[in-house]
Structures are given as structure tokens and as C-alpha cells.
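A.B. asks: predicted model and sequence follow; I will ask about them next.
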Amino acid sequence: MKIATFNINGIRSRLPRLLEWLAESQPDIVCLQELKALDESFPEGAIRDAGYGPVWQGQKAWNGVAILARGTDPIVSRRALPGDDADSHSRYIEAAVDGRLVACLYAPNGNPQPGPKFDYKNAWMERLIAHAQALLDSKTPVILAGDYNVVPTDGIEDIYDPKSWKKDALLQPAPREAYARLLKQGWTDSIHEKHPGKPVYTFWDYMRNRWPRDAGLRIDHLLLSPSLAKDLVDAGVDKDVRGREGASDHAPAWVVVK
DNA sequence: ATGCCTGTCTGGGACAGA
């Protein structure tokens, strides 16, 4: 069972790249972020033709998340992260697939910091932590996958060089502490688990020649609940996808469980 | 301190991303 997460940065403009990667990588479950499309603009037909049952939560111009399951339709359990009914961003969708619960998340970027966007990022992480604990308490096998917009540490496994990112929201103590606290609940960061100390970046900025220089960040994470983590087989990043014509600024990250 | 690059909503330039 291969489960992937991919911030596609616009599903309409990225559709050919997405379909190409689905055919090559053959993931069983896919979490997508940054659809940048209204619900009615989601390319359901093309996704179904590729063999996947989709569920999605769209939004005009920004955000938007989806879960795809090969050969089956995910059963949606949530379309928003609990804890703030006034939050209108489409950043969370959760569904049951073959006895597992799949949570697809797109955490706020939080720049510029300090400021209201950074406050929103931190509050969103607290809501995620609260809901993640409830998911653990349910004893269901759960995967929390998506774009966390957090570089966990300054280590080479998480960032090429923190120097020019020191003031960025993705590296600040508060979101890092929140991510660490999330892990401490009992989640396994599967990419980190399988590649300790090795660069396993998932994002390379379009600007400043960062892809050719391999100046990447690790911000897309796949967290496994204890009952899934014991079945962890492998994890990785389809890095070559980032180097293609018309690529997203993120590469797909994936995990294989028994 | 800002732009760099890209997608979206628009139909030219602003906003958001990270």
C-alpha cells in the first residue's frame, strides 16, 4: 500500500503532470494540496479515467485539498479542521479508505511574520494538534499527510542552508515547536524515519535558481499513527518530478506500508 | 529592503505562495 502527498500548485494547469506521475508511480492513495480551483472546476472525469476515486474540497483561486484512491471511492469523514467555524480556507479533508483514515492537510504558510497570517498559522497548528490527538484516541490506523509548511530543523536533512530563511515563517520556533509536539503524541515522521540525516527535500522555490542548485526544503510530511507505523516498509520523494517541464514547486512524497 | 518565478483572477497588475 503506497500513500503519497503532492502539493500540485494548481490542479488545472498541472493536470497533465499529475496524470503522468499517477501512471508512473501508481500510488494507492494520494493527498493533493493547492488545487487552486472551485469545486466545480475539479477535473473529476480525468481523475476517474486514470483509475482513481476522488473526494475534494475546493476554493476559488487558493488552497484546496483532495484525496484520491485507486479503484475505490474514499468515504469523507471531514471537510474542515475542527476548532474554528469562522475559518473558510479549504485546507483539510479526511476520508476512510480500506479501513484506514487518511487526513490530507495544507497548513498555512504564515508569511510575513510576525503578523495576522503568522498568528493564523500558529492557531491552525494548535487545532491540528488537538484533532490529531482525537484521531490517535480513536485507535484507528491513521495517516496525516500533506504540506505542513514547517521545516522541522536546521539540519541538512530538512534544509540546504537556513541562512536566507531565518526570518521565514517556516523556520520559526513556534511552528517548529508545534510540529515537534505533534510528533510527540506518538506519530512517526516516515520520511525522517527512513532517511535520517539525508537531504530529502520536497520543495524547491521557483525563484533564485533553487532547483538547479538543489536548494530545497523538507515541508511535506507523512505522519503515521502507531498501528500504521509498525507496518512501515519504505518512504521517499519522487524528486525527478520537480525537474520536469511545467512542474509544481513541490515534489511528491510517499510511504509504503504493509 | 526588494525582486527573483509561477498560478489565479482577469483581461494588467495585484496577490499569494514559501
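C.D. replies: All right, it came through fine.
A.B. asks: so what's A:Gly243 up against?
C.D. replies: By CB atoms under 8 Å, 6 or more residues apart in numbering, the contact list for A:Gly243 reads A:Trp211. All C-beta atoms are positioned from the backbone trio N, CA, C, and that covers glycine.
A.B. asks: state the pLDDT value of it.
C.D. replies: The per-residue pLDDT reported for A:Gly243 equals 96.
A.B. asks: how much space separates it from DNA strand B?
C.D. replies: Here the criterion is CB to the nearest atom of the strand, to the nearest Å. By it, A:Gly243 lies 12 Å from DNA strand B.
A.B. asks: is it correct that A:Ala174 is in contact with A:Ala123?
C.D. replies: No. Counting by CB atoms under 8 Å, A:Ala174 does not reach A:Ala123; the two are 10.4 Å apart.
A.B. asks: what does chain A put close to DNA strand B?
C.D. replies: A:7, A:9-14, A:34, A:36-38, A:60-62, A:108-109, A:111-112, A:117, A:147, A:149, A:168, A:170, A:203, A:205-208, A:217, A:219, A:246, A:249-250 (CB under 7 Å from any atom of the strand).
A.B. asks: could you turn the buried ones of these into a PyMOL selection?
C.D. replies: Here is the PyMOL command that selects only those of these that count as buried (16 or more other CB atoms under 10 Å):
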select buried, chain A and resi 7+9+11+14+34+36+37+108+109+147+149+168+170+203+217+219+249+250
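A.B. asks: just the element for the closest residue to A:Met125 other than its chain neighbours, please.
C.D. replies: Excluding the flanking residues, the one nearest A:Met125 by CB to CB, 6 or more residues apart in numbering is A:Ala178, at 3.9 Å. Following DSSP states H and E, one finds A:Ala178 within helix A:173-184.
A.B. asks: count of neighbours near A:Ile67?
C.D. replies: 27 (other CB atoms under 10 Å).
A.B. asks: can you tell me how far it sits from DNA strand B?
C.D. replies: Taking CB to the nearest atom of the strand as the measure, A:Ile67 falls 18 Å from DNA strand B.
A.B. asks: any idea how far the host helix or strand of that residue is from the chain center?
C.D. replies: Using DSSP H and E, the element containing A:Ile67 is strand A:65-70. In terms of CA atoms, centre = their mean, to the nearest Å, the centre of strand A:65-70 is found 12 Å from the chain centre.
A.B. asks: alright, I will stop here.
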